[in-house]
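[1] okay, predicted coordinates and the sequence, questions at the end:
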Amino acid sequence: MSGSKFLAGFIVGGAIGAIAGILLAPKSGAETRAMLADTTRDLAKRADETVKEIQEKADNVVSDLQKKSDEIKDKLQNMLNKQKDEPQAEG
């Protein structure tokens, strides 16, 4: 959840910065359009990189959780097998 909030904030912040830069820059229409296109491409590239980083981190967490759950499952299975193999005390 925090990753998606970060990404949303990143995109909104970039958009606000780009709009402020365009509105405050005294340039011709052609120059402003070129600057807007460059800024849009840069923002899209940064957003894509951020999404890839978040996805990679999420994949690593899922992989770690999978390994740990497999280890726990193996330990439980071993414990169950040991209990089955031990002779039952007659009471």
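    Looks like it came in fine.

[2] once you drop chain neighbours, what's closest to Lys57?
    Gly3 (7.6 Å; C-beta to C-beta, 6 or more residues apart in numbering). For glycine as for every other residue, the C-beta is placed from the backbone atoms N, C-alpha and C.

[3] repeat for Ile54
    Per C-beta to C-beta, 6+ apart, closest to Ile54 is Gly3, 4.4 Å.

[4] thought Glu56 was touching the one you found, still the case?
    No: Gly3 sits out of contact with Glu56 when judged by C-beta atoms under 8 Å, with a separation of 11.1 Å.

[5] neighbour count winner among these two?
    Gly3 (14 against 10; other C-beta atoms under 10 Å).

[6] how about the contacts made by the more buried one?
    54, 57-58 (C-beta atoms under 8 Å, 6 or more residues apart in numbering).

[7] show me where the chain has its strands.
    Using DSSP state E, the chain contains no strands.

[8] measure Ser4 to Glu31 for me?
    Applying C-beta to C-beta, to the nearest Å, the value for Ser4 to Glu31 is 35 Å.

[9] now Ala20
    Ala20 is 16 Å from Glu31, by C-beta to C-beta.

[10] test for you: state the pLDDT assigned to the residue minimising distance to the centre of the chain.
    Residue closest to the mean C-alpha point of the chain, counted by C-alpha atoms, centre = their mean, is Ile54 at 2.0 Å. For Ile54, the pLDDT comes out at 89.
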